[in-house]
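Peer 1: Just the structure for this:
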Amino acid sequence: MKCKTHQALAKRLRVTKNGKVLKRYCGQGHFNSRDAGKITRKKRRDTSLSDAHAKALKVLLPYA
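Peer 2: Below you'll find the predicted structure:
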């Protein structure tokens with residue numbers, strides 16, 4: 001049987017060439033002006049998931 005990609009997860013995560021799993025920093029939708037400058041700068045770049053989470057989620061992304 002063919003493995004299927006979990007599409008909801010594929011839209012939220014990105015797997016790099018070296019196998020790291022990246023996600024967007026949470027809470028970027030609106031009300032960003034009230035955040036501290038440190039948090040605003042943090043939201044500009046993606047964050048990597050821990051190895052334990054990445055291993056579990058790669059099962060749902062067989063072709064990524």
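Peer 1: Spell out which residues sit in contact with the most centrally placed residue in the chain, please.
Peer 2: Residue closest to the mean C-alpha point of the chain, counted by CA atoms, centre = their mean, is K23 at 1.6 Å. By CB atoms under 8 Å, 6 or more residues apart in numbering, the residues touching K23 are 12-14, 46-49. All C-beta atoms are positioned from the backbone trio N, CA, C, and that covers glycine.
Peer 1: Equivalent analysis for A64, please.
Peer 2: A64 neighbours (CB under 8 Å, 6+ apart): 5, 10, 13, 15, 58.
Peer 1: want to try JSON lines for those, with distance to G37 as columns?
Peer 2: Below are these laid out as JSON lines (distance: CB to CB, whole Å):
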{"residue": "T5", "distance to G37": "38"}
{"residue": "A10", "distance to G37": "33"}
{"residue": "L13", "distance to G37": "27"}
{"residue": "V15", "distance to G37": "31"}
{"residue": "K58", "distance to G37": "35"}
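Peer 1: for the chain, longest helix please?
Peer 2: Longest helix in the chain by number of residues, with DSSP state H as the criterion: helix 51-58.
Peer 1: Among the contacts of A64, name the least confidently predicted one.
Peer 2: Note: of these, the lowest pLDDT belongs to K58, at 90.
Peer 1: tell me the contacts of that residue?
Peer 2: Going by CB under 8 Å, 6+ apart, the list of residues near K58 reads 15, 21, 64.
Peer 1: circling back: closest to K42 out of the contacts of A64?
Peer 2: Each of these was scored against K42 by CB to CB, and L13 proved nearest at 18.3 Å.
Peer 1: Please flag which of the contacts of K58 sit within helices.
Peer 2: With DSSP H as the criterion, helices contain none of the contacts of K58.
Peer 1: Of the contacts of A64, which belong to strands?
Peer 2: 13, 15 (DSSP state E).
Peer 1: confidence score at K42?
Peer 2: So K42 comes in at 92 (pLDDT).
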